[in-house]
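J.: A structural model of the following input is requested.
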Amino acid sequence: MKILRISTVPHSLNLLLKGQFRYLTSKGFEVKVASSYDGTIPELENRENVRHYSLPLNRTLNPLKDLKALFKTIQLINKLKPDVVHTHSPKAGIIGMMAAYLCRVPLKIHTVAGLPVVEERGLKKTILIGVERMTYFCSDYVLPNSINQQNYILKKLYNHKKVQVIGKGSSNGIDLEYFDPRLYDEQDVITVKESLGIPSENLVLCFVGRLAHYKGINELVEAFQELNKIYKSINLLLVGPFEELNPLDPKSLSIIENNKNIKSVGHQNDIRPFLIASDVFIFPSYREGFPQSLMQAAAMQLPCIATDINGCNEIIEHGETGFLIEPKSTSAIITATQTLIEDRKLRTKLAANSRKNMEDNFEQINFWNKIISFYRSNGKNIH
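T.: Numbering: from 1, shown residues only. Reported below is the predicted structural model:
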């Protein structure tokens, strides 16, 4: 079975779906991938044992550029003649599914991992709803990566039996052998803290992801600024790149730059050392599909504070594996964080439960095998 996986940017292929293509290849599938190009592509091809094809895809709305991308995608599909086209992200979804539909690809699948339409208003929201519905119409299956997201799609966007969730959600599961806190010891924690200029006795709050406004970073930074007035021996660790498309408020940028207790380390290929050096993980996002970084933090046995939104509330059980809080609320972040700062016993309990939840429900190989079963059962009439 020949499969073409398409994403708008390489980040989704290289990080959010890491390991999946190599596993599919090892099980006899012929996998090709496509996206826009950046310097991570050679590493992706080597690690995943796949061939990458460049497409002129971008995340902004631009009818002329999008028409060119559609034409190029049709050319690529006609050249490769895949049995399956499987897309990820909104722009790759509409371009890839339309192209696959026009080329009469036997099996067309779109994974939904976050819906920008949820946060939009007015004309842009209307346009995005139309784009989503056209994507779903052109597909044979729509795979939201969380059950709550499936419910949202069925209720507000597209009520059809083709909308399904694989397993209990996620786009890639979690590699519990890689994200394992037992790989590190106390000396590793001290070493990481020293490298960041953090005193060994300090309590560390951590966020991993894009530093964008819709990730709740403005509220997180403001909350930390207030908490830091009460607790002098705490640090905030921000792991991820700043995003130009959805920038932070100038006030937040100024606080990040000038508060010596905030450490912003940019994109990291290996986030585990930063998670192991942390005591509490905070993920105040406005919208998500099924956030990988929240799963990774839970697997590394961290108590988590996350917003009560689709995806997050399927990973975190309030009071058992972490706290779920109101989105866009600085005060909610402060209250939940203060509780965990002051109650070490509760932090320990939530941390242990977080890891067990990942082991019971989201182990990666098990998830990959579910995807293989989905391909085989729905693509059985291809050959």
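J.: where do the strands sit along the stretch 1-150 of the chain?
T.: 2-7, 30-35, 51-54, 84-88, 107-112, 141-144 (DSSP state E, counting those that start in this stretch).
J.: Compare those strands and report which one is nearest to residue 132.
T.: Taking CB to CB, strand 107-112 is the member of the strands of the stretch 1-150 of the chain nearest to residue 132, at 8.2 Å. All C-beta atoms are positioned from the backbone trio N, CA, C, and that covers glycine.
J.: That closest one pairs with which strands, and in what direction?
T.: strand 84-88 (parallel), strand 141-144 (parallel) (DSSP bridges).
J.: Identify, out of those strands, the most deeply packed stretch.
T.: Scoring the strands paired with strand 107-112 by mean neighbour count under mean count of other CB atoms under 10 Å gives strand 84-88 as the most buried, with a mean of 27.
J.: relative orientation of that one and strand 2-7 in degrees?
T.: With axes from the mean of the first three to the mean of the last three CA atoms, to 10 degrees as the basis, strand 84-88 and strand 2-7 are set at 20 degrees to each other.
J.: now strand 84-88: mean pLDDT?
T.: Across strand 84-88, the average pLDDT comes to 97.
J.: which residues are contacting it?
T.: 1-8, 12-13, 16-17, 77, 93, 95-97, 99-100, 105-111, 113, 135, 171, 375, 379, 382 (CB atoms under 8 Å, 6 or more residues apart in numbering).
J.: what's the distance between that strand and the middle of its chain?
T.: 17 Å (CA atoms, centre = their mean, to the nearest Å).
J.: Now do it against strand 30-35: the angle between them, please.
T.: 40 degrees.
J.: Can you pull out the low-pLDDT segments for the protein?
T.: Counting by pLDDT under 70, the chain has low-confidence residues at 380-383.
J.: now do 80
T.: For the chain, the stretches flagged by pLDDT under 80 are 114, 116, 118-119, 289, 380-383.
J.: Break it down into its domains, please.
T.: 2-173+364-378, 181-361 (automatic domain parsing).
J.: rewinding a little: reformat the strands paired with strand 107-112 into TSV and put distance to residue 272 next to each item.
T.: Formatted as TSV, the strands paired with strand 107-112 follow (distance: least, CB to CB, whole Å):
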stretch	distance to residue 272
strand 84-88	24
strand 141-144	28
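J.: Which among these is found nearest to residue 183?
T.: Per CB to CB, nearest to residue 183 of those: strand 84-88, 29.1 Å.
J.: would you put the C-alpha positions of the closest one in CSV?
T.: C-alpha atoms of strand 84-88 as CSV (Å, rounded to 0.1, in the frame of the first residue of the first chain):
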residue,chain,number,x,y,z
VAL,A,84,-3.8,6.7,0.3
VAL,A,85,-3.4,10.4,0.8
HIS,A,86,-3.4,11.3,4.5
THR,A,87,-3.2,15.0,5.5
HIS,A,88,-2.5,16.9,8.7
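J.: what about residue 288, which helix or strand?
T.: Residue 288 belongs to no helix or strand when elements are defined using DSSP states H and E.
J.: backbone phi and psi for residue 234, please?
T.: Main-chain dihedrals, residue 234, degrees, to the nearest 10: phi -130, psi 150.
J.: Quick one: residues contacting the residue lying closest to it once chain neighbours are set aside.
T.: Nearest non-adjacent residue to residue 234, counting by CB to CB, 6 or more residues apart in numbering: residue 203, 5.0 Å away. For residue 203, the contact set (CB under 8 Å, 6+ apart) comprises 231, 233, 234, 235, 279, 280, 341.
J.: From residue 80, how far off is the nearest residue to the fifth one once chain neighbours are set aside?
T.: Leaving out its chain neighbours, the residue that sits closest to residue 279 by CB to CB, 6+ apart is residue 203, at 4.8 Å. Relative to residue 80, residue 203 is positioned 52 Å away (CB to CB, to the nearest Å).
J.: For the stretch 1-150 of the chain, which segments are assigned as helices?
T.: 10-11, 20-26, 41-48, 63-80, 90-102, 122-138, 147-152 (DSSP state H, counting those that start in this stretch).
J.: and those, which is most packed in?
T.: Note that of these, helix 90-102 is the most buried (mean count of other CB under 10 Å), with a mean of 24.
J.: mind exporting that helix as CSV, just the C-alpha atoms?
T.: This file holds the C-alpha atoms of helix 90-102, laid out as CSV (Å, rounded to 0.1, in the frame of the first residue of the first chain):
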residue,chain,number,x,y,z
PRO,A,90,-5.8,22.9,8.0
LYS,A,91,-4.0,24.2,5.0
ALA,A,92,-2.5,20.8,4.0
GLY,A,93,-6.0,19.4,4.6
ILE,A,94,-7.9,21.6,2.2
ILE,A,95,-5.2,21.5,-0.5
GLY,A,96,-4.4,17.8,-0.1
MET,A,97,-8.0,16.5,0.1
MET,A,98,-9.1,18.6,-2.9
ALA,A,99,-6.2,17.3,-4.9
ALA,A,100,-6.7,13.7,-3.8
TYR,A,101,-10.4,14.0,-4.6
LEU,A,102,-9.8,15.4,-8.1
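J.: which helices and strands does it pack with?
T.: strand 2-7, helix 63-80, strand 84-88, strand 107-112, helix 122-138 (3 or more CB pairs under 8 Å, 6 or more residues apart in numbering; DSSP states H and E).
J.: outside of the second one, which residues touch it?
T.: In this case it means helix 63-80. Taking CB under 8 Å, 6+ apart as the rule, helix 63-80 contacts 2, 4, 6, 32, 34, 53, 55-58, 85, 91, 94-96, 98-100, 102-103, 105.
J.: 10 Å - rerun?
T.: Helix 63-80 has contacts (CB atoms under 10 Å, 6 or more residues apart in numbering) with 2-4, 6, 8, 30, 32, 34, 36, 51, 53-58, 60, 62, 82, 85, 87, 91-92, 94-100, 102-105, 131.
J.: That helix: how far from the chain's middle?
T.: 26 Å.
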